[in-house]
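Peer 1: please find the sequence and the predicted model below.
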Amino acid sequence: MADLSNLRNFGIVAHVDAGKTTTSERILFYTGQSHKIGEVHNGETATDWMEQERERGITITAAAISCSWLPTYNADESARTNFNIIDTPGHIDFTSEVQRSMRVLDGAVVVFDGVAGVEPQTETNWRYAADGNVPRICFINKLDRTGASFESSYAKIQNRLSPNAIAIQLPWGEEDQMEGVVDLIRMKAYSFQGEMGSEVTEHEIPAELVDAATEARGEMIEKIVESNEEMMEAYLGGEEPSEADLKKELRRAVIANEVFPVLCGTALKNKGVQLVLDAVVDYLPSPLDLPAAKGTHPDTGAEMERASSDDEPFAALVFKLQVDPFVGQLAFFRVYSGVLKAGDTVYNASTGAKERVGRMVRLQADKHEEITEAHAGDIAAFMGMKDVKIGHSITAQSDPIILEEIGFRMPVISIRVEPKTKGDQEKMGMALSKLSDEDPTFRVSSDEETGETIIAGMGELHLEVMVDRMKREFGVEANIGAPQVAYREAIQGTSEYREKYAKQSGGRGQYGDVAIRLSPFDPTSVDPEETLPKNVEIDGSMKFINSIKGGVIPQEYIGACKKGFQEGMERGVLAGYKLENICVELYDGSYHDVDSSEIAFKIASSKALTTAAKLADAVIMEPIMKVEIVTPEEYMGDINGNVSSKRGSVESMEDRGMDKVITAKIPLGELFGYTTIIRSMTQGRATPNMEFSHYAPVPRNVQEEIMKKRNG
């Protein structure tokens, strides 16, 4: 049985281009998993193994690495710690990979660009980690670059992410003078020599850094001991905590998400990465340090827990699917409890299906190491399991549990695709099905009126990569339409409406009569812990209240009414976009002993909802993007003017080294091809980054244009 206290499951997360993959490559090298460091700019990295990743120099899909590490300060083999690491994407279009990885990880190393500091996607990833209570350590990277500043980046982390971030290292020099790092817990300096910086050498702190290190150490100790009364009293009394006590208290505080240690270095120049791995061992949790996994019984709905132990019944969560060109579908899973052996039969608690486990593998990025069993805490992959989807709970049949599911964001952009030839038609259907299984933010649907296939995703790059994968991996040639914004519809007011559907056409007729109240509903205001009244149901973005009294509508027709409301929401009321975030109260109606039927009540309910929504000031909602533009100062006026011309508003302007950073909110519909526009406006010197912010009503004149276009 493996010692779970010597296991760390953690992710490497950051904004695009902050150096996550470069850091991962150093980790592979220093832990002995690779004998050559691959560089992103050469397209040779192990974790960015897809062709699309290597061509673009960005991470698109989360890659898993398994390795082990013997801390630099402890040569005893018993201290060797096993790592399961996930290198996640930084580009906003692939943010769901980060979101679902956070669901199964116990900790995270957040990488920052030492020049840029905190960037938009870093904030989003930090929020995902906070939502999942994932402990974090920070690594300020790229301190060898011109314009890099540890102090500036550290201040931004404290101001924009958490005031509880605390430096436990200082850089020994910056920019082209960077020599190594100063460890504030041991009060020693470290340099990195030999092949790719693999030899870590300890030094006394250089004289010019002693004062700064002493001051920073005092701040660090105060932050670490402030929630430990005994240690705080001793420290205020002049007694300095020992290294062992400091590390023990810091570990407790990190696991409790009370503090976030900040380390520094430069992965590209091979300085500081080994000490980050030491910090992972010292401060990030093992599976034993975390609460038991929560879930419910698939039949009774009763709440259940599973502790991280091989002695508990088997339970695992599937968090990623990947089509491998050589072995077929891989289903990545995290084991929360128990042991699984190749050849065992498992129970899919999410679907009720049984399936035999054939082969299992541990992942080394794009290479596989076959294993015969998986234990509590492990991250591995099934090969060839047929009916497994992301979010499914795979358990022992004798003791099933449905673990907490993974939530996903809705797509904000869509395009039409059509196969070039008849031969491509069948292949395209299969390719799109597999790609949407892999990525729940990639949706495939059909336009009922035209019969065209529509694919939807998180951004232009997301869809571009999916179409490219369809061509390369599945051999499908397709014609692509222009990108379309994924508009929504909503109501801003309240209304009441009664719809009586009565039809007589010889023989038995159709009769359904419903009276409803409609009002806006905010799904985020619902407390998941709160027990809802028996007559209230929440289904996605619809809240349904059944206020029928005295059987004026028989119980057997209530379900049909609810289906009618849902169908009305799917069709929309203004331009055929999905209607969201409404509360429907069914408060009156009538029925006919002979002519009433489920279909009649469904039709009446759908019609009632459509009319009531129009009366409740229905509006079209558009996705608004948060856009950050890094630009030289001389182009600020032009860019601000451009933002205004795109119905955008500038929210803030700040300095970043020699550049200015403009943060704005702009509707997605105005942003197609925006990167090209900004680059041509600034001779290629400005760079925009964008991420989804929220939905907002479109102006009336724009709404009329959209309706005219959609309704002909």
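Peer 2: Yes, it's here.

Peer 1: show the average pLDDT along stretch 114-131.
Peer 2: Confidence for stretch 114-131, expressed as mean pLDDT, is 82.

Peer 1: ugh, wrong one, stretch 438-454
Peer 2: Along stretch 438-454, the predicted confidence averages to a pLDDT of 77.

Peer 1: for that stretch, C-alpha coordinates in CSV please.
Peer 2: The C-alpha coordinates for stretch 438-454 follow below in CSV (Å, rounded to 0.1, in the frame of the first residue of the first chain):
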residue,chain,number,x,y,z
GLU,A,438,-13.9,15.5,-24.8
ASP,A,439,-14.8,19.2,-24.2
PRO,A,440,-18.2,20.0,-22.5
THR,A,441,-17.8,23.7,-23.5
PHE,A,442,-17.8,22.6,-27.2
ARG,A,443,-21.5,22.1,-28.2
VAL,A,444,-23.0,20.7,-31.4
SER,A,445,-26.5,21.4,-32.5
SER,A,446,-28.7,21.6,-35.7
ASP,A,447,-30.6,24.5,-37.0
GLU,A,448,-34.2,23.1,-37.4
GLU,A,449,-35.1,25.5,-40.2
THR,A,450,-32.0,25.0,-42.4
GLY,A,451,-30.8,21.6,-41.2
GLU,A,452,-27.3,23.1,-40.9
THR,A,453,-24.8,21.9,-38.2
ILE,A,454,-23.8,24.6,-35.7
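
Peer 1: next, the buried residues of it.
Peer 2: Of the residues in stretch 438-454, those buried under the neighbour-count criterion (16 or more other Cβ atoms under 10 Å) are 438-444, 453-454. From N, CA and C alone the C-beta is placed, and that goes for glycine too.

Peer 1: take these and keep only those in helices.
Peer 2: By the criterion of DSSP state H, membership of those in helices covers residue 438.

Peer 1: what is the nearest of the buried residues of stretch 438-454 to residue 348?
Peer 2: Each of the buried residues of stretch 438-454 was scored against residue 348 by Cβ to Cβ, and residue 440 proved nearest at 17.1 Å.

Peer 1: against residue 320, how distant is the closest one?
Peer 2: From residue 440 across to residue 320, the span is 10 Å (Cβ to Cβ, to the nearest Å).

Peer 1: would you map the strands across the stretch 1-150 of the chain?
Peer 2: All strands of the stretch 1-150 of the chain, identified by DSSP state E, counting those that start in this stretch, fall at 7-13, 63-69, 81-87, 107-113, 136-141.

Peer 1: by contact count, what packs against the first one?
Peer 2: So the one you mean is strand 7-13. With contacts defined as 3 or more Cβ pairs under 8 Å, 6 or more residues apart in numbering; DSSP states H and E, strand 7-13 has these neighbours: helix 20-30, strand 81-87, helix 95-104, strand 107-113, helix 120-131, helix 273-283.

Peer 1: reformat these as CSV; add distance to residue 143 and mean neighbour count.
Peer 2: What follows is the helices and strands packed on strand 7-13, written out as CSV (distance: least, Cβ to Cβ, whole Å; neighbours: other Cβ atoms under 10 Å):
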stretch, distance to residue 143, mean neighbour count
helix 20-30, 13, 26
strand 81-87, 21, 24
helix 95-104, 24, 25
strand 107-113, 10, 26
helix 120-131, 16, 20
helix 273-283, 12, 23
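
Peer 1: out of these, point me to the one whose mean pLDDT is lowest.
Peer 2: Ranked by mean pLDDT, these end with helix 95-104 at the bottom, a mean of 73.

Peer 1: what's that helix in contact with?
Peer 2: 9, 11, 13, 60-62, 86, 88-89, 108, 121, 124-125, 128-129, 131-132, 134, 317, 319-320, 334, 379, 390, 404, 406-409, 439-441, 458, 691 (Cβ atoms under 8 Å, 6 or more residues apart in numbering).

Peer 1: which stretches of this protein have low pLDDT?
Peer 2: When the per-residue scores of the chain are filtered using pLDDT under 70, the ranges that remain are 1-2, 33-63, 89-97, 324-327, 364-367, 448-451, 505-507, 657, 712.

Peer 1: which strand runs longest in it?
Peer 2: strand 618-631 (DSSP state E).

Peer 1: and it, which strands flank it?
Peer 2: Each strand that pairs with strand 618-631, with its direction, by DSSP bridges: strand 488-491 (antiparallel), strand 659-667 (antiparallel), strand 687-697 (antiparallel).

Peer 1: for that strand, what is the distance to the chain centroid?
Peer 2: Remark: strand 618-631 is offset 19 Å from the chain centroid, using Cα atoms, centre = their mean, to the nearest Å.

Peer 1: helix or strand next in line after that strand, which one?
Peer 2: Using DSSP states H and E, the helix or strand that follows strand 618-631 towards the C-terminus is helix 636-645.

Peer 1: from residue 479, how far out is the closest residue to residue 392 other than its chain neighbours?
Peer 2: Across the structure, with Cβ to Cβ, 6 or more residues apart in numbering as the measure, the residue nearest residue 392 apart from its sequence neighbours is residue 350 (4.2 Å). Relative to residue 479, residue 350 is positioned 37 Å away (criterion: Cβ to Cβ).

Peer 1: need the strands for the stretch 501-650 of the chain, in chain order.
Peer 2: 510-520, 536-539, 542-546, 582-590, 618-631, 649-656.

Peer 1: using CSV, list the CA coordinates for the longest one.
Peer 2: The C-alpha atoms that make up strand 618-631 are tabulated as CSV, following Å, rounded to 0.1, in the frame of the first residue of the first chain:
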residue,chain,number,x,y,z
ALA,A,618,-38.2,40.6,-23.0
VAL,A,619,-34.7,41.6,-24.1
ILE,A,620,-31.9,40.1,-26.1
MET,A,621,-28.7,39.6,-24.0
GLU,A,622,-25.2,39.7,-25.4
PRO,A,623,-21.9,38.4,-23.9
ILE,A,624,-19.7,41.1,-22.7
MET,A,625,-15.9,40.5,-22.7
LYS,A,626,-13.3,41.8,-20.3
VAL,A,627,-10.5,43.0,-22.6
GLU,A,628,-7.0,43.9,-21.4
ILE,A,629,-4.8,45.7,-23.9
VAL,A,630,-1.1,46.1,-23.2
THR,A,631,0.2,49.0,-25.4
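
Peer 1: now do that strand against helix 636-645: the angle between them, please.
Peer 2: Our comparison of strand 618-631 with helix 636-645, counting by axes from the mean of the first three to the mean of the last three Cα atoms, to 10 degrees, yields an angle of 170 degrees.
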